[in-house]
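In: generate a structure from the sequence data that follows.
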Amino acid sequence: MNLSYPHRFSVAPMMDWTTSECRQFHRLLTRRALLYTEMVTTGALIHGQRDRFLAYTESEHPLALQLGGSDAQDLATCAKMAEQWGYDEVNLNAGCPSDRVQNGMIGAILMAHGALVRDGLKAMRDAVSLPITLKHRIGIDDFDSYEFLRDFVGITAESGCDTFIVHARKAILSGLSPKENREIPPLDYDRVRQLKADFPALNIIINGGLKDHAACLSLLDEGLDGVMLGREAYQNPLILQSVDPTYYDQATVLQTQSELVSAYVQWVDHHLQQGKPLKYALRHTLGLFQGQPGARRFRRVLSEGMHKPGASLELLERALSEVELLDAEPLEHA
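Out: Alright, predicted model coming up:
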């Protein structure tokens, strides 16, 4: 493991999920995990409402902007925007399997064009002083040998990029939906381990199928430089509460579930005071008490009420009254 790499744990960028509200909520549980934006295309930033796509709150740091694109000049332009807006890192997406982005040469299709990815990464590195990283799969379609993966990392590393986040599944670009691409292609952690063995000077972060800290720590002990959780961190957010002591030797942000509930209510109240609909915040918190007594009733009250016009803090308080808090136990994944 490269002890100089600061982000041993991160939460994956996920479309429609890792919004600013989601990241603010995650910060109630962990100060140190690296958080990511949803993927934002270079076209949206250059030609669209960049303020809307780039806005975040200071509480979200450390925060990485994930870009979708392939044109080197456009990527460099957007990396400069990220630097101007104060992001901590810029990540290039070479892993999204959606057919909506393939036609724009965005996402996993880029794995078939290593030289293009290398040039884009180099353009971003030349344009800014921020860390530039790459997220990709272990292969695509019939290009799924370890040799293909090794050569892809080798050529893209010529850019000077030294951090690779590897989703340990290949992507099937025709015939499977993005959801199916997260579940059907088998995981192959051995290929990621082999990448670290073959490129010991690179930071190799593993993503895909991780559900608990024991599995994550085992991979770190084997020499990988970081772990990235996606759906588990989103659907069962209490797993994030133990990130700071587990990976960074720092105290938990909130020691009890009572403290968490207090901070949670204050955060939602602040959201409402800014004139934002309740649903934008609460939809990211439905899994908060997963596995605990009352969790199902908590989810039902929120799900049935948060989309209604005029939904207020009273809805959240009513939902919380359904949960049996576990203050006698550590505040962590049940």
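
In: how about low-confidence regions in this structure?
Out: 1-3, 100-103, 327-334 (pLDDT under 70).

In: who touches the longest helix belonging to the chain?
Out: Longest helix of the chain, by residue count under DSSP state H: helix 257-273. Applying Cβ atoms under 8 Å, 6 or more residues apart in numbering, the set of residues contacting helix 257-273 from outside is 21, 24-25, 28-29, 241, 254, 278, 280-282, 285, 288, 312-313, 316-317, 320, 325-327, 331. C-beta: built from backbone N, CA, C; applies to glycine.

In: in that helix, what's buried?
Out: Using 16 or more other Cβ atoms under 10 Å as the test for burial, helix 257-273 gives 257, 260-261, 264, 267-268, 271-272.

In: strands of the stretch 151-300 of the chain, start to end?
Out: For the stretch 151-300 of the chain, the strands defined by DSSP state E, counting those that start in this stretch occupy 163-167, 203-207, 226-229.

In: from what I can see Asp71 touches Ile46, true?
Out: No. Checked against Cβ atoms under 8 Å, the pair Asp71 and Ile46 is beyond contact range at 9.7 Å.

In: looking at these two, which one has more neighbours?
Out: Neighbours were counted for Asp71 and for Ile46 using other Cβ atoms under 10 Å; Asp71 has more, 18 against 15.

In: Asp225: neighbour count?
Out: 23.

In: quick revisit: buried subset of the contacts of helix 257-273, written for ChimeraX?
Out: Selection of buried members from the contacts of helix 257-273 for ChimeraX, criterion 16+ other Cβ under 10 Å:
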select :21,24,25,28,29,241,254,278,281,282,285,288,316,320,325,326,331
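
In: go through the contacts of helix 257-273 and flag which are in helices.
Out: 21, 24-25, 278, 280-282, 313, 316-317, 320.

In: closest to Gln235 out of these?
Out: Using Cβ to Cβ, Phe25 comes nearest to Gln235 of the ones in helices among the contacts of helix 257-273, at 12.8 Å.

In: got the contact list for the closest one?
Out: Phe25 neighbours (Cβ under 8 Å, 6+ apart): 237, 264, 267, 281, 284-285.

In: ok, now Ser218?
Out: Listed by Cβ under 8 Å, 6+ apart, Ser218 has no contact partners.

In: if we can go back for a sec, pick the one among the contacts of Phe25 closest to Ser303.
Out: Using Cβ to Cβ, the contacts of Phe25 come closest to Ser303 at Thr285, 11.0 Å.

In: distance of the residue nearest to that closest one when sequence neighbours are not counted relative to Arg283?
Out: Nearest residue to Thr285, sequence neighbours excluded (Cβ to Cβ, 6 or more residues apart in numbering): Phe25, at 5.7 Å. Separation of Phe25 from Arg283 (Cβ to Cβ, to the nearest Å): 10 Å.

In: likewise for Tyr5?
Out: Relative to Arg283, and taking Cβ to Cβ, Tyr5 is found at 33 Å.
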